[in-house]
Each structure stands twice: as structure tokens, then as C-alpha cells.
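**Q** this is a predicted model, with the sequence first.
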Amino acid sequence: MKNAKISNAVINRLPRYRRYLIELEKKGVEKISSKDFSSLIGYTASQIRQDLNNFGGFGQQGYGYSVTGLREEIDAILGLDKEYRMVIMGAGNLGQAITKYAKSLPAGFRVCGVFEVRKELIGTELDGLEIHDYENLVDFVEREKIDIGIICVNRDSAQEVADRLCFAGVKGIWNFARVDIEVPPHVALEVVQLSDSLHALAYHMNDIKKRSHHGK
């Protein structure tokens, strides 16, 4: 892999490449050219080659890409050849939805517990997972060697929860709270703002409408 920092745009395209490669594997396809992959996935062949060249290329001239080989390379690039242990912070409506979603993730991502401050919920279960007392978070993270904290609390509590997760030793935070948070440099942060995605959808809908109108 090259030493230059890889852009987020490239990283964000890798999971899409992987999904399509998995579908090709299921169909028994063994190899694919960048041109055919381009027609399938919607990116240009040049874009695909440029993205993959950031990590060494993996293709062979006159042959294309080995479907399984490329999927395995992307797995390794994304770190999907490892197991990640996760905790979910918050058992409200969002926490419940994310818990159901997270439990359906592929092997390699394991939810180990849910944490709450509301006493009436502590000791109960959410989708088969015990809801733990937030006060015991640090001990749990250290004992269970938790890698990822998933934040599903309200915006006022999100930074304090992130601070405690970082202090406890998580390596990454998946933030669903509707607020930006800060983490130290040694902790990876991925922010999911559902409203941002919805607003982008509204833009694209109106842009299509405008272009359609101008084309008349």
C-alpha cells in the first residue's frame, strides 16, 4: 500500500465494490474487467482503476480482476478479516433500531452489550442483549476488550459518552447522535447523520426536476 493518505471518497467507494463482488461470487463469476465492472457498478473504468491503484492495483492486463481475489483484498484493506466487539450506548428508540440492525451485521462485528442511565431499564434485555448500567462502562470495555462504541444517545449527552468510551479504551466510535463530537487522534470516528442524507436526497430530487423542466 502506498504511504500517501487515501481520501475518504475512495474509502467510501470500497464497500460498494465489495457488495458487487460478493454478488458476482454468488453467480459463479471468476473474473471481470474494469470495463464490465464499470457497466455493473456505475463508476467509470478509470475511476475503478485509480481507486484500486491506491492500494496496489490487483488487476492483470488482458485478464482483469479475480472476483474472489479482489474481494479478499478489499476485505483486508477495510479490516474485515478481523473481529470487532461493540457496545451500544443508549436503549431509546434509536438505540433499539441500531441494536436490531447491528445484530444483523456480518460475522466479524459482534454486539456485546447495551448501556443506559435509566434505572428501570438496567438489567433488562434488548434483543437478547443485557442492558448494563452506564456507570460500569469503563470496567466492561476493559474486561471485554471492546473495540467500537456506538453512540445512540441525545445530543446533550453525546460528547460525555464519547469521552468515557475513549477513556475506557475503544478504538473507534460510530456516532448516530445528531451532533458533532470530538475524539482524540488515536480513536477513529465515523458520523452517521441521517438528516444530512435525507437533505441530500431532497436536493437530488429537485435537481432532477429542474433539469427535466429545462429540457422541455
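**A** Here it is on my side, so go on. Just so it is clear, the structure is predicted and the values come from calculations on it, not from any experiment.
**Q** strands of the protein, residue ranges please.
**A** Using DSSP state E, the strands of the chain run over 31-32, 65-66, 84-89, 109-116, 125-126, 129-133, 148-151, 172-175, 188-191.
**Q** so which of these is the most surrounded?
**A** strand 148-151 (a mean of 25; mean count of other C-beta atoms under 10 Å). Every C-beta, even on glycine, is put in place using the N, C-alpha and C of the backbone.
**Q** re the thing from before, CSV for the strands of the chain, including distance to Gln96 and mean pLDDT?
**A** Formatted as CSV, the strands of the chain follow (distance: least, C-beta to C-beta, whole Å; pLDDT from 0 to 100):
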stretch, distance to Gln96, mean pLDDT
strand 31-32, 40, 93
strand 65-66, 40, 92
strand 84-89, 9, 97
strand 109-116, 9, 95
strand 125-126, 6, 94
strand 129-133, 11, 96
strand 148-151, 12, 98
strand 172-175, 16, 97
strand 188-191, 20, 96
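**Q** redo the ones you listed as a markdown table? Include distance to Phe58.
**A** Converted to a markdown table, the strands of the chain look like this (distance: least, C-beta to C-beta, whole Å):
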| stretch | distance to Phe58 |
| --- | --- |
| strand 31-32 | 12 |
| strand 65-66 | 6 |
| strand 84-89 | 24 |
| strand 109-116 | 25 |
| strand 125-126 | 41 |
| strand 129-133 | 38 |
| strand 148-151 | 28 |
| strand 172-175 | 26 |
| strand 188-191 | 24 |
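**Q** what is the mean pLDDT for the longest helix seen in the chain?
**A** Ranked by residue count and defined by DSSP state H, the top helix of the chain is helix 194-214. Mean per-residue pLDDT for helix 194-214: 87.
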